[in-house]
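*Asks:* Predicted structure and sequence below. I'll ask about it afterward.
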Amino acid sequence: MGRDDYEHRMERLVGDLGVQIASVRARLAESPDEGMKTELARELGQLDERRQSVREKLETLKDEPDGTWADLRLQIEDEWDALIQDFEEGMASLA
């Protein structure tokens with residue numbers, strides 16, 4: 001996968017995760033369980049901050065030379081994988 005393709009794919013994935021987080025927030029607002037709402041709202045806030053961090057790194061990735069780009073790409077992928085795993089685990093309680 002080329003550099004441009006990778007950047008576009010990751011931007012799409014980051015955007016999709018934002019939509020998923022917004023969807024969970026909307027469903028959460030309808031829940032009568034205040035304790036769960038508070039806990040999941042906190043988790044969603046942290047996940048969204050991490051998602052924004054990945055988005056910011058993707059922006060800096062565009063300006064990196066090829067050698068540095070490969071290293072930063074690995075960092076982004078590691079952070080993304082951990083973020084997705086945490087999102088899936090955290091949202092499993094809603095299923």
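*Replies:* Arrived safely, thanks for sending. Remember, predicted model here, so these are calculated numbers, not experimental data.
*Asks:* can you give me the helices in this protein?
*Replies:* Per DSSP state H, the chain carries helices over the ranges 3-29, 34-61, 66-91.
*Asks:* Okay, residue 28 and residue 46: tell me how far apart.
*Replies:* According to C-beta to C-beta, to the nearest Å, residue 28 stands 14 Å off from residue 46. C-betas here are computed from N, CA, C, even on glycine.
*Asks:* More neighbours: these two, which one.
*Replies:* Taking neighbours as other C-beta atoms under 10 Å, residue 28 and residue 46 compare with residue 28 leading, 17 against 13.
*Asks:* Thought residue 42 was touching that one, still the case?
*Replies:* No. Counting by C-beta atoms under 8 Å, residue 28 does not reach residue 42; the two are 11.1 Å apart.
*Asks:* Turn the helices of the chain into TSV, including mean pLDDT.
*Replies:* Putting the helices of the chain into TSV (pLDDT from 0 to 100) gives the following:
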stretch	mean pLDDT
helix 3-29	92
helix 34-61	91
helix 66-91	90
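*Asks:* Tell me how far the residue nearest in space to the middle of the chain lies from residue 37.
*Replies:* For the chain, the residue nearest the mean C-alpha position is residue 51 (3.3 Å; C-alpha atoms, centre = their mean). Computed as C-beta to C-beta, the residue 51 to residue 37 distance reads 20 Å.
*Asks:* Repeat that for residue 30.
*Replies:* 9 Å.
*Asks:* Likewise for residue 76?
*Replies:* Distance of residue 76 to residue 37, given as C-beta to C-beta: 31 Å.
*Asks:* more neighbours, those two?
*Replies:* Using other C-beta under 10 Å as the criterion, residue 76 and residue 37 rank with residue 76 on top: 21 against 15.
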